Each structure stands twice: as C-alpha cells, then as structure tokens.
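Q: Below are the sequence and a predicted model for it; my questions follow.
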Amino acid sequence: NAGVTQTPKFRVLKTGQSMTLLCAQDMNHEYMYWYRQDPGMGLRLIHYSVGEGTTAKGEVPDGYNVSRLKKQNFLLGLESAAPSQTSVYFCASSLLEGGRTDTQYFGPGTRLTVL
Amino acid sequence: KNQVEQSPQSLIILEGKNCTLQCNYTVSPFSNLRWYKQDTGRGPVSLTIMTFSENTKSNGRYTATLDADTKQSSLHITASQLSDSASYICVVSAGGGFKTIFGAGTRLFVKA
C-alpha cells in the first residue's frame, strides 16, 4: 500500500513551458486535492475532485487545469508556466468531504521552479 | 474572513523538554480542527482531529486541546525527541463544502 504518490519529485521549467504533475492513490479514496505551499504561508487549495470525472476550483485555480479520468489518478497541468508558480505542490486524498470529520493523506510533494 | 494563525513561528527546545504550540482561528461555521506534522521535504501527516464537542485528543506524546468558545487550540508535546523536529500545522474546516484553512505552521527544532 503506497498511499499517495506524486511524479515528478523535482522539476525546473522555463517561463511559458507546460507540464503535468501526476498524483496517484491506492486507497480507493473518492476525494482528491491539489495544494501549493509557499514559504511563510499555509497550504492553499488549487483544485479538487469529489469523484472520477469531476473537478472543481479551489482558492487559487488560475493558471492551472486538472483532470480526474480515473478514480486513482488526479493530474495537475500548467499550460504556460510563470515564475509565480514556483512552489511545492502537494496532492492529497480523503474518504469523506474535506469539511467533515476525515483525514487527508498527503503525497511527498513536487518541488517546481519556473525560471 | 476565515483565518488560522499559529504561534510561535518557530521554536527551539532541548531534547526531553515539553512545549506547547498555539492556534487561533476565525473560521465559521466550525466543523473540525486538525493538527498535522510535516517533516522537511515530506507531506503533512495527521496527528489529531477534533470536532466541536471534543476538547482534548491525544496521540502518544502529542496532546491537542480545543476551546471552541475562544476559538483556540494548542498542541502539547511531552518529553520531546530529536525526531519531533518538524513543522506543525493547524488546519480548520468549516461545515459544508471544501472550506479548509491551513495555518502557516510552527517550525520546531529539538536540540540534543
């Protein structure tokens, strides 16, 4: 049982380049989330999904797109990377809705630098 | 505005000592409060979760308290170990929807 895994662990992009971050979970969780973590700030929700084929915007969705074609995978895309997107990205999954009594399980993170 | 504020920002203690981390929140309507531990270069890991009716929750040497009236929580670490060096994040969720607010965390350093 690997829990939540993220690919890649590190990436450096040039401004304007695109990339996709992959998140996979093997716990059969319905809910999945993408967060970004910046120095001195709390994690901020980018997008989330309540089930296969569904996605919704979080607190800071601009510049990102997501897809949940399979229940176990949640992809985060950057179509045209900007230096402001330099951050550490975390994926998480949970059994129940985030606002109710549940636990989110986090992946190890992807450190992205945009030059 | 929904906010979660943690104090102190960072803390240095000697191995074996106790410490208490603070969390104040203004999230409404309150659903639950969680404490996470985040080791450097890793994702956060849940320590405790408390709902409105719970005022204490323990997980080994970690004890969390919640005062829903004053909207304050604390995380007490007993007999600290070097492995306790990490960031501790307070997370408050509002009832209904995905209104989950993360604090910026307290960075704890445990010295030998």
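A: Yes, it's here.
Q: residue ranges with poor pLDDT in chain B?
A: When residues are selected by pLDDT under 70, those of chain B lie in B:96-98.
Q: Near the nearest residue to residue A:6 once chain neighbours are set aside, how many other residues are there?
A: Nearest non-adjacent residue to residue A:6, counting by Cβ to Cβ, 6 or more residues apart in numbering or on different chains: residue A:107, 4.0 Å away. In this view, the C-beta of every residue, glycine as well, is placed from N, C-alpha and C. Neighbour count for residue A:107, taken as other Cβ atoms under 10 Å in any protein chain shown: 27.
Q: Please apply the same query to residue B:2.
A: For residue B:2, using other Cβ under 10 Å, the count is 12.
Q: Could you report the separation of the spatially most central residue of chain A from residue A:86?
A: Geometric centre of chain A, nearest residue: residue A:34, 2.6 Å, by Cα atoms, centre = their mean. Note on residue A:34: its distance to residue A:86, by Cβ to Cβ, to the nearest Å, is 16 Å.
Q: Up against chain B, what does chain A have?
A: A:4, A:33, A:35, A:40-45, A:48, A:56, A:58, A:90, A:92, A:97-109 (Cβ under 8 Å from any Cβ of the partner chain).
Q: Got phi/psi on residue 5?
A: Unless you meant another one, I'm taking chain A. Dihedral pair for residue A:5: phi -120, psi 150, per degrees, to the nearest 10.
Q: should've been chain B
A: phi -120, psi 130.
Q: which non-adjacent residue is nearest it?
A: Residue B:5's closest residue in space is residue B:24 (Cβ to Cβ, 6+ apart), at 5.0 Å.
Q: is the nearest residue to residue A:66 once chain neighbours are set aside in a bridge, and if so with what?
A: Distances taken as Cβ to Cβ, 6+ apart place residue A:47 nearest to residue A:66, at 4.3 Å, with adjacent residues excluded. In this entry, residue A:47 is beta-bridged to residue A:34, residue A:57, by DSSP bridges.
Q: Contacts only, for residue A:86.
A: A:112-114 (Cβ atoms under 8 Å, 6 or more residues apart in numbering or on different chains).
Q: and chain B, which of its residues are near chain A?
A: Near chain A, when you scan chain B using Cβ under 8 Å from any Cβ, you find B:4, B:31-32, B:34, B:41-46, B:49, B:51, B:89, B:93-105.
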